[in-house]
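> Any chance you could fold what I've pasted below:
(chains A and B)
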Amino acid sequence: MNEKRILQQLIIDAYHSAVKDGRFSGADDPYVKVEYPKDQKFGDYATPFALELARSARKSPLEIGGILKEYMDGTDILGRIDVVKPGYINMFLSLDHLWKNLHQIVQERDAYGRNVKENPRRINVEFISANPTGPLNIVSARAAAIGDSIANILEANGDTVEREFYVNDFGNQVTLLGKSVLARCRELDGIDYPFPEEGYHGEYVIEIARHIKETCSDEIAAIDDEEMLISFLAEKAVQYNVSGQREDLDGFRVHFTRWFNERALHEGGDVDATYRYLDEKGYLYDQEGKKVFRSTDFGDDKDRVVVREDGRPTYLLADIAYHRNKIERGYDYIIDIWGPDHHGYIARLAGAMVALGMKKEDFRVLIAQQVNLLMEGQTVKMSKRLGNFSTMRELIEEIGVDVSRYFFVMRSLDSHLDFDLALAKKESSENPVFYLQYAHARICSLFREAEKRGIAYDPGGSVREYLDNPEAVILMKLMLKFPEEIEDAAEAFEPHRLTTYLLRLAQSFHRFYTEHRVLSDNVDSNNSCLLLADATRIVMKNGLALIGVMAPERM
RNA sequence: GCGUCCGUAGCUCAGCUGGAUAGAGCGCCGGACUACGAAUCCGUAGGUCAGAGGUUCAAAUCCUCUCGGACGCGCCA
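Coordinates of the predicted model:
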């Protein structure tokens, strides 16, 4: 249990005791808000609880605060409790508690910050799910960074998480890809062949064609029927693209638990089964030969077609079947991360989830706002079909994984992003990620220096009083909050909070380092300062790991 | 027309379920290495939180409207 919760409970207990003793009257189950004051002089934690109680208890906030304080005294977590002007109760952590937490950190190491839940949820997070019609682009890179970080954070917060990528290897887009590849194959053979109007014009299609021709020339030669050839080429091209996407993601340190093929749903009968299920439940009706899903029953603007007049299922039906499959796998919570161009789609799918028996609050769609691609300050329309886009691979090669992952995660999901690759490259040396990594490397260097000078490090030999200075105290308080930061970030699905936190951590360390000599002739002081430094590098490393950034020992 | 998101310092953005004097990074200007990494630290300047109402003891935060920007409103995926 983290400090915030412990304090919440402490206040609730104090309240109940006070009420029991007849000091004032009030509700049975009050909600106690514990917040972090902006200014250090207002304590490490504060609650406006007494203010909120004033009306019902018919006493002044200050008086109530004083009474609560009486009942809160005696805890060794807090060194001081102040009741101040309007009626805030300000709480100050004790040095002893902070110092003990340092030992906790170096004992737990990689596990520090991770929360343990009594009943962990099984969560499925689906993200990126880009069409297998080309390489991943910058937009996917953002989704990758965000989705993976959210998954990491949920895991660290005590849940069990699976990462899933949905491959749309079925339908018009794929056929179109096959036609484009065929055209390029013919072109490579020197045969005049019309390029499909709506086809994929990107250069990469030529490479795909060349690759398939090299590896599958016999099969191609054996197929007479053009339609079959297109479908063969499409399948090969999808394989090629998916494995390319997977490679890129590996390089980006994003690893999926499962790659789920849409085709399997069609071929395995899941789509039909889902149709029958919806039909039997009475969620479908006929309209001019089409089958329509009553999504308005679940809050959608209009009902949606799921089977066309010619009997082919729409994308929606396949997607419902996909999510039905997820539900059957027994997750407690399902998260989809989509681009802004799909937000209009939420109501119908969320409605379908309810129709399938999922509780509304157990399905969540997160919208990651768009990335605008700029070239030299000018907006560029990204289009796979037109072939003008910056690839994720290009991004990694140009500015590196650490910088890009940090860059994408440091913004909130809601923020729109202007991305200029040229500018990002130029400015990457100013990226705050180096500031964080430098703090870590600097600490590692300290330990190398200590070893060189023959200074032993024994956490057990640290002495609390050597850390009784403002710089060390700020650092210790931040580290104590790390588990709370993880919890908050997990509950809000906001990985960017972590980058803000880590920035403060690095800043606090650099400040401590500037003000205090870590290595000296004093054994007690050495052990104390090294304990502080060791704990700092552990928290920094664990925090960076959550957003997929390395913590280098030298740089 | 309807819907989603955004509008906070010169730039890029934080600001937690409403709380105390609105913050950071970058940039600008000025300081700090004969000691553990100066990829660092310290300081100065810079804001009508787009605007107007409303709710509240308390609003950048919640509600309504207006203005401005991006995106979406398919039997495409």
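> Tell me how far A:D192 lies from RNA strand B.
Separation of A:D192 from RNA strand B (Cβ to the nearest atom of the strand, to the nearest Å) stands at 29 Å. (C-beta placed from N, C-alpha, C; glycine too.)
> Got phi/psi on that residue?
A:D192 adopts backbone torsions of phi -70, psi 120, taken as degrees, to the nearest 10.
> and it, how many neighbours does it have?
6 (other Cβ atoms under 10 Å).
> how near is it to A:A221?
A:D192 sits 20 Å away from A:A221, going by Cβ to Cβ, to the nearest Å.
> Secondary structure class of the residue lying closest to A:C216 once chain neighbours are set aside, three-state.
In this structure, A:C216 finds its nearest non-sequential neighbour in A:K236, 6.2 Å apart by Cβ to Cβ, 6 or more residues apart in numbering. With DSSP: H, G, I helix; E, B strand; the rest coil as the basis, A:K236 sits in helix.
> Now for A:K236, how many residues are close by?
For A:K236, using other Cβ under 10 Å, the count is 20.
> That one contacts A:S217, correct?
No: counting by Cβ atoms under 8 Å, A:K236 stays clear of A:S217, with 11.7 Å between them.
> for the residue nearest the centre of chain A, what are its contacts?
Taking Cα atoms, centre = their mean, the centroid of chain A lies closest to A:I150, which sits 1.9 Å from it. A:I150 makes contact with A:V125, A:F127, A:I335, A:I337, A:L366, A:F493, A:P495, according to Cβ atoms under 8 Å, 6 or more residues apart in numbering.
> Now intersect those with the helices, please.
Members of these lying in helices (criterion: DSSP state H): none.
> Can I get the buried part of those as one PyMOL selection?
Applying 16 or more other Cβ atoms under 10 Å to those, the buried members can be selected in PyMOL as follows:
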select buried, chain A and resi 125+127+335+337+366+493+495
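> I'd like the contacts of A:I150 as TSV, with pLDDT and distance to RNA strand B appended.
Shown next, in TSV, are the contacts of A:I150 (pLDDT from 0 to 100; distance: Cβ to the nearest atom of the strand, whole Å):
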residue	pLDDT	distance to RNA strand B
A:V125	95	19
A:F127	94	15
A:I335	94	16
A:I337	92	14
A:L366	89	11
A:F493	90	11
A:P495	90	11
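> Using a markdown table, lay out the contacts of A:I150 together with distance to A:V116.
Output for the contacts of A:I150, formatted as a markdown table (distance: Cβ to Cβ, whole Å):
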| residue | distance to A:V116 |
| --- | --- |
| A:V125 | 20 |
| A:F127 | 25 |
| A:I335 | 21 |
| A:I337 | 26 |
| A:L366 | 25 |
| A:F493 | 20 |
| A:P495 | 21 |
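> now A:D286, what's its secondary structure?
Here A:D286 is strand, with the state taken from three-state DSSP.
> which non-adjacent residue is nearest it?
Computed as Cβ to Cβ, 6+ apart, the closest residue to A:D286 that is not its neighbour in sequence is A:V292, at 7.5 Å.
> Surely that neighbour and A:E309 touch.
No: here A:V292 does not reach A:E309: they are 11.5 Å apart, not a contact under Cβ under 8 Å.
> quick revisit: A:D250: which of the contacts of A:I150 is nearest?
Nearest to A:D250 among the contacts of A:I150: A:F127, at 15.5 Å, using Cβ to Cβ.
> give me every residue that touches the closest one.
Counted by Cβ under 8 Å, 6+ apart, A:F127 has contacts A:A143, A:A144, A:I146, A:G147, A:D148, A:I150, A:R163, A:E164, A:F165, A:D336, A:I337.
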